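Colleague: okay, predicted coordinates and the sequence, questions at the end:
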Amino acid sequence: MNNPAIVVVAYNRPASLQRLLSSIAKGSYPDSPITLHISIDKSDVPEVAQCAQEFEWNFGPKTVEVSAENLGLKKHILQCGELTGKYDSIIVLEDDLVLAPHFYQFANKALQFYEKDERIAGISLYNYQIAESCGYPFQAIHDESDVYFMQVASSWGQAWTKKQWSSFKTWHKESEDSKLNLLPEYILQWGEHSWKKYFINYLLDKNRYFVFPQSSFSTNFEDPGTNATTSDLYQVKLETSKRQMVLKDFSDSQAIYDVYFELEGSTLNKHTTILSEYDVEVDLYGQKPITKAAKNYFLSTRKGVNPVFTFSSKMRPLINNIIFNVEGDEIGLYRKEDLEPASANLGSFFSTSLLQKVNSEMQGVVSVSIVMPVVEFNKEDLLKTLHSIPFGNGLNECIISCPKNIFDEVKSSVESIGIIVQILSSNTTDESQLLKSGLDSARQEVITWCRPGSIFAADVFGQLPKIFNAFAEVNWIRGVEEQITQESYSTVNTAPYRWNSHMLEKHSGKNYPYTTELMFWRKSVYNSDEFSEFSLSSKRNVFMQKVNLHVVAYNFGTRKIKESDQTLRSEFPESLRKHSFARKFLGSLSYVFFHRNSSPLRLVFVETLELPYVLRYDNNSKKFYSSKY
């Protein structure tokens with residue numbers, strides 16, 4: 001095998017790219033030439049290409065490739081994977097990484113060692129310390145080697161041979177979307193930008209694994225502008241010592257993990273014979289769905305009845321309590337029918353500063369894509385909106401989509417205030433098509449859109465994590481249009497905004513006025529193909545057909561209303577309140593109480609029309625809560 005090429009994946013972060021290249025330059029390499037290939041996705045930040053061009057690479061040839069079109073993360077990684085055909089093997093590095101000096105020796109040695117093993121689909125430079133499946137601390141068990149194996153693909157420094165990539169590529173062409181039901185729920189929630197979820201699906205379908213080092217040769221920063229959602233949560237300590245890494249054949253390994261970051265049952269039996277007579281699903285994080293399990297027994301921290309065995313939870317990692325047969329009753333072996341479906345509360349098992357960091361980081365951030373279609377140039381309106389977006393939190397991206405004839409004016413205005421914004425030019429002046437173009441380019445986990453001149457509320461982006469991280473069932477939210485004070489909060493009327501899919505489904509032929517501007521939704525609910533004929537400002541709203549709209553008793557901002565626009569009606573259209581005779585009768589009687597915010601009879605209206613709950617804010621706890629009214 002030739003020396004693997006180093007492939008750097010960059011987009012719009014010159015400072016991040018410079019930091020990565022600096023760490024690459026400090027690496028230790030063999031005497032033979034090493035190719036550095038820098039692949040840059042199209043953006044409006046020329047400093048990225050300038051940084052790549054000016055970087056001095058003294059260990060072999062350097063290639064800089066700039067895409068002619070904006071690819072997005074998934075397509076960009078898939079395109080870089082094709083470079084295995086040119087270079088035989090590659091090490092792929094996204095631009096928000098920093099590398100240990102000896103990363104190349106480990107990757108090169110591992111690629112050669114596992115080259116002929118069909119069960120190995122790739123090599124990771126990164127060592128997990130947080131389980132992506134649940135956000136709790138993870139520590140792989142040590143056998144007599146420096147690696148472990150897991151059915152999770154690495155995205156923070158990974159290496160592939162030509163054969164490994166070709167196998168995935170063939171599978172991807174044949175069954176990209178046909179078997180996503182193999183994926184756990186936590187992965188299904190990842191957005192369309194994720195190449196990694198398709199690779200994990202491939203691992204599960206073909207029963208293959210990634211090789212991970214026990215100590216990390218890469219760490220990430222999750223800098224602004226990426227698809228990251230948590231600032232430095234997954235940053236880990238780098239392996240800086242120079243030593244020979246001990247590798248082990250997959251068949252001999254005693255550290256093989258599944259997609260839930262759990263030791264596989266068959267691997268557990270290599271450590272102890274206590275449970276060898278049982279067909280065991282290891283579930284120490286309490287995340288695995290019971291009904292889909294093929295195995296009859298669960299080794300879990302969940303509560304259940306009639307445990308076959310019980311163990312303590314004092315040792316770390318938790319699996320050691322079973323290996324060393326530590327007495328206790330926090331972990332049990334249960335028949336799956338005797339186990340509670342709810343996930344375990346692992347807080348008592350991980351009462352460390354690391355757990356506190358995990359909890360605070362996971363709950364404290366949400367990354368947002370703000371899309372702004374600009375049909376006519378108005379600098380005052382454009383800057384008014386941009387100034388209301390807090391770019392300083394490092395998580396928000398703004399995408400402006402405009403016709404070609406005003407592109408230069410828009411770009412000049414943005415540059416005048418010194419912020420990084422993605423600007424897309426188009427041949428169309430149709431607002432809905434400009435909007436769709438921007439939405440298709442959005443990379444963050446939550447999306448919203450607005451017209452120039454609209455202003456976001458000062459703290460709306462600070463409130464979003466309290467909603468989207470706390471309520472898994474909430475996928476789409478809107479605020480109220482009234483400006484709310486602390487005195488008026490308890491009486492704010494949400495009646496005009498609470499529509500649901502039942503209403504529009506029954507009256508689908510009617511065009512009721514509606515707009516989704518200044519609303520927020522998870523990227524996972526937006527499918528570009530479904531919106532090929534619809535604008536999000538259309539009266540025929542596709543979202544309403546597939547996901548509930550939750551109203552937040554909170555003002556998200558002020559929209560600049562065009563003369564042609566209509567806002568939501570001040571009350572429900574009469575026809576939307578007509579269902580069966582019983583519903584019509586009860587709704588008619590109770591609606592006045594609902595709309596006027598008075599008497600318990602208002603709840604009759606809510607239940608009759610099956611309205612989504614309202615999210616209200618508690619000043620004492622500083623959290624949102626779900627309310628029927």
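Modeller: Nice, thanks for sending it over.

Colleague: SS state for the closest residue to Ser216 other than its chain neighbours?
Modeller: Residue nearest to Ser216 in three dimensions, not counting chain neighbours: Asn127, with 3.8 Å by Cβ to Cβ, 6 or more residues apart in numbering. Every residue, glycine included, has its C-beta placed from N, CA and C. Using DSSP: H, G, I helix; E, B strand; the rest coil, the structure places Asn127 in coil.

Colleague: quick check, Ser183 in contact with Leu204.
Modeller: To be clear, residue 183 is Leu; Ser isn't right here. Yes. Between Leu183 and Leu204 there is a contact under Cβ atoms under 8 Å: 7.1 Å.

Colleague: what is in contact with the two at once?
Modeller: Val259 (Cβ atoms under 8 Å, 6 or more residues apart in numbering).

Colleague: domain map for the chain?
Modeller: Listed domain ranges for the chain are 5-257, 265-361, 365-568 (source: automatic domain parsing).

Colleague: can you put these in CSV and add distance to Arg616 and mean pLDDT?
Modeller: Shown next, in CSV, are the domains of the chain (distance: least, Cβ to Cβ, whole Å; pLDDT from 0 to 100):
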stretch, distance to Arg616, mean pLDDT
domain 5-257, 25, 90
domain 265-361, 23, 85
domain 365-568, 5, 78
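
Colleague: list just the one of those that sits closest to Lys623.
Modeller: With Cβ to Cβ, the closest approach to Lys623 among the domains of the chain belongs to domain 365-568: 5.9 Å.

Colleague: pick out the residue nearest the middle of this structure.
Modeller: Trp190 (4.5 Å; Cα atoms, centre = their mean).

Colleague: tell me which element the spatially closest residue to it that is not a sequence neighbour is part of?
Modeller: Nearest in space to Trp190, with sequence neighbours left out and distances taken as Cβ to Cβ, 6+ apart, is Lys197 at 4.9 Å. Under the criterion of DSSP states H and E, Lys197 resides in helix 196-206.

Colleague: mind giving me the packing neighbours of that helix?
Modeller: The helices and strands touching helix 196-206, judged by 3 or more Cβ pairs under 8 Å, 6 or more residues apart in numbering; DSSP states H and E, are strand 120-124, helix 162-175, helix 185-188.

Colleague: which of those is buried the deepest?
Modeller: Of all the helices and strands packed on helix 196-206, strand 120-124 has the most neighbours on average by mean count of other Cβ atoms under 10 Å, namely a mean of 25.

Colleague: the stretch 1-150 of the chain: helices as residue ranges?
Modeller: In the stretch 1-150 of the chain, the helices defined using DSSP state H, counting those that start in this stretch lie at 14-25, 46-54, 73-81, 84-87, 103-113.

Colleague: and the ones you listed: which comes nearest Ser416?
Modeller: helix 46-54 (16.5 Å).

Colleague: and the closest one, what does it pack onto?
Modeller: Using 3+ Cβ pairs under 8 Å, 6+ apart, helix 46-54 sits against strand 5-10, helix 14-25, strand 36-40, strand 62-66.

Colleague: any chance of these in JSON lines, plus mean neighbour count and distance to Ala100?
Modeller: Shown next, in JSON lines, are those (neighbours: other Cβ atoms under 10 Å; distance: least, Cβ to Cβ, whole Å):
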{"stretch": "strand 5-10", "mean neighbour count": "24", "distance to Ala100": "14"}
{"stretch": "helix 14-25", "mean neighbour count": "19", "distance to Ala100": "8"}
{"stretch": "strand 36-40", "mean neighbour count": "22", "distance to Ala100": "17"}
{"stretch": "strand 62-66", "mean neighbour count": "16", "distance to Ala100": "21"}
